[in-house]
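# Here is my input; please provide its structure:
(one chain, ligands or ions: 2)
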Amino acid sequence: MKTEILYAPDISAKDQIARAGKLLKKGKLVAIPTETVYGLAASAYNEKAVENIFIAKGRPNDNPLIVHISDEKPLSDIAKEIPEAASICMKAFWPGPFTAIVPKSDKIPYSVSAGLETVAIRMPQHPVARAIIKAAGVPLAAPSANLSGSPSPTTAQHVIEDLMGRVHAIVSGDDSKVGVESTVVTFATTPPRLLRPGGITVEQLKEILPDLVIDQAVLSEPEKGQKVASPGMKYKHYAPKALVTMVSADSKAFSEYCNKNSEGYDMVLGFEEDRKNITLPFESLGKEKDYRSQAELLFARLREIDQKGYKNVVAHAPEKKGVGLAVYNRLIRAAGFKVIEL
Ligand code: TXA
Ligand code: MG
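Ligands and ions are numbered 1, 2, ... in the order given. Sure, this is the predicted structure:
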């Protein structure tokens, strides 16, 4: 398939946004920028188009998609009901990197929800994403625009690497500022449960949802055969081909560990504070306490590991605070849940 590249660095690219909207309306697949990561969009009401998303990504068909909206109007068409706690969170965190799971309406095909009776909904903040949803005139089902299993795309170039020739169009916009995917909370159970940490932090959520439960899949590997609340969390996600080992330690202990084990590793993914003490090739994830910049850099760094041919990487685990929890959640998956605690 020939993939059209549409350039829309901002909403002044009216023709390109209109073109993306027209393609989506016709049931085509279009990759779009959002503030979290790029998404691969199709009309959420078009079963065939949604099925094509799974084919283009090579995504297992038991892993449901998030439905993206630009305003509240279509909510009543998408959800059977909106529990009050969900409604309060939507008001607090939309538009933004927050996804609510609620009971699904009949209008949403089971291909979107992967057979579940619930549906995930997000209103992105990104102006181009919002303009494209408006232009399409329908809610858009959109997973991250990567090949299944590879790190999520935070630049148009990442999407081109993964999906060129597999989708109808790629909208090339700015780099994703948040850098990790949205926070996913299910309101289908009481109390609400965090299924995936993301751009909205647990600290922010707990101000509104004091009884929020953190699903155990957030920080640990689901046991074989165990039923998981969020199917996406059971896959070895975000993984480069290289072997990644995560080390949880302060800067001094981390540098000592890297230098002592320098035969075993060919690259260190660490924080700025670690760099001066380390002899191995070093890539930076930003400052130790700057969780937002770690999130912004993470997926690009994971892609570079393979591009630069590294085979055995040691990564410094971030603190599980703020957006650091989302970075930790992605890195531990990239590491196949291998963590050394020092
Ligand atoms: O920031 C984001 O959320 C990005 C951008 C494009 O909006 N999208 C994204 O989609 O990350 P995706 O498909 O890569 O991740 C969706 C996650 C998966 O872990 C999936 O299992 C979970 O949300 N999910 C979706 N619907 C669900 C449902 N009904 N019940 C439980 N988990 C659900
Ligand atoms: Mg994804």
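
# where does the residue of the chain positioned farthest from its centre land on pLDDT?
Residue farthest from the centre of the chain, counting by C-alpha atoms, centre = their mean, is Lys260 at 34.4 Å. Looking at Lys260, its pLDDT stands at 97.

# roughly how far apart are Tyr310 and ligand 1?
Computed as C-beta to the nearest ligand atom, to the nearest Å, the Tyr310 to ligand 1 distance reads 25 Å. Every residue, glycine included, has its C-beta placed from N, CA and C.

# swap in Asn46?
When Asn46 is compared with ligand 1 (using C-beta to the nearest ligand atom), they lie 17 Å apart.

# Around the residue lying closest to that residue once chain neighbours are set aside, count how many other residues there are.
Counting by C-beta to C-beta, 6 or more residues apart in numbering, Gly27 is the residue found nearest to Asn46 once chain neighbours are left out, at 4.8 Å. Look at Gly27: counted by other C-beta atoms under 10 Å, it has 16 neighbours.

# cool, and Pro139?
26.

# Likewise for the one 5 residues further on?
Here the count is done by other C-beta under 10 Å, and Ser144 has 31 residues near it.

# Let me know the secondary structure of the residue nearest to Asn46.
Following DSSP: H, G, I helix; E, B strand; the rest coil, Gly27 is assigned to coil.

# ok, now which ones touch it?
Applying C-beta atoms under 8 Å, 6 or more residues apart in numbering, we find Gly27 in contact with Ala42, Ser43, Asn46, Lys48, Ala49.

# can you redo the residues you listed as CSV with secondary structure and pLDDT?
Compiled in CSV, the contacts of Gly27 are given as follows (DSSP: H, G, I helix; E, B strand; the rest coil; pLDDT from 0 to 100):
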residue, secondary structure, pLDDT
Ala42, strand, 98
Ser43, strand, 98
Asn46, coil, 98
Lys48, helix, 98
Ala49, helix, 98
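
# Can you go through these and name the buried ones?
Buried by 16 or more other C-beta atoms under 10 Å: Ala42, Ser43, Asn46, Ala49, out of the contacts of Gly27.

# beta partners of the first one?
Spelled out, it's Ala42. Ala141 (DSSP bridges).

# What is the neighbour count of the residue nearest to Lys320 when sequence neighbours are not counted?
Distances taken as C-beta to C-beta, 6+ apart place Tyr328 nearest to Lys320, at 5.1 Å, with adjacent residues excluded. Look at Tyr328: counted by other C-beta under 10 Å, it has 23 neighbours.

# mind checking how far the helix or strand hosting Tyr328 is from the chain centre?
Using DSSP states H and E, the element containing Tyr328 is helix 324-334. Mean-position distance between helix 324-334 and its chain equals 11 Å (C-alpha atoms, centre = their mean, to the nearest Å).

# just stretch 15-22 next, same as before
Chain-centre distance of stretch 15-22: 24 Å, with C-alpha atoms, centre = their mean.

# coming back round to it: of all the buried ones among the contacts of Gly27, which comes closest to Asp266?
Among the buried ones among the contacts of Gly27, Ala42 lies closest to Asp266 (C-beta to C-beta), at 39.9 Å.

# Quick one: residues contacting the closest one.
Leu24, Gly27, Lys28, Leu29, Val30, Ala49, Val50, Asn52, Ile53, Leu140, Ala141, Ala142.

# mind listing what the nearest residue to Pro124 once chain neighbours are set aside touches?
Among residues not flanking Pro124 along the chain, Thr34 sits closest, at 4.6 Å (C-beta to C-beta, 6+ apart). Neighbouring residues of Thr34 by C-beta under 8 Å, 6+ apart: His68, Pro124, His126, Ala129, Ala142, Ser176.
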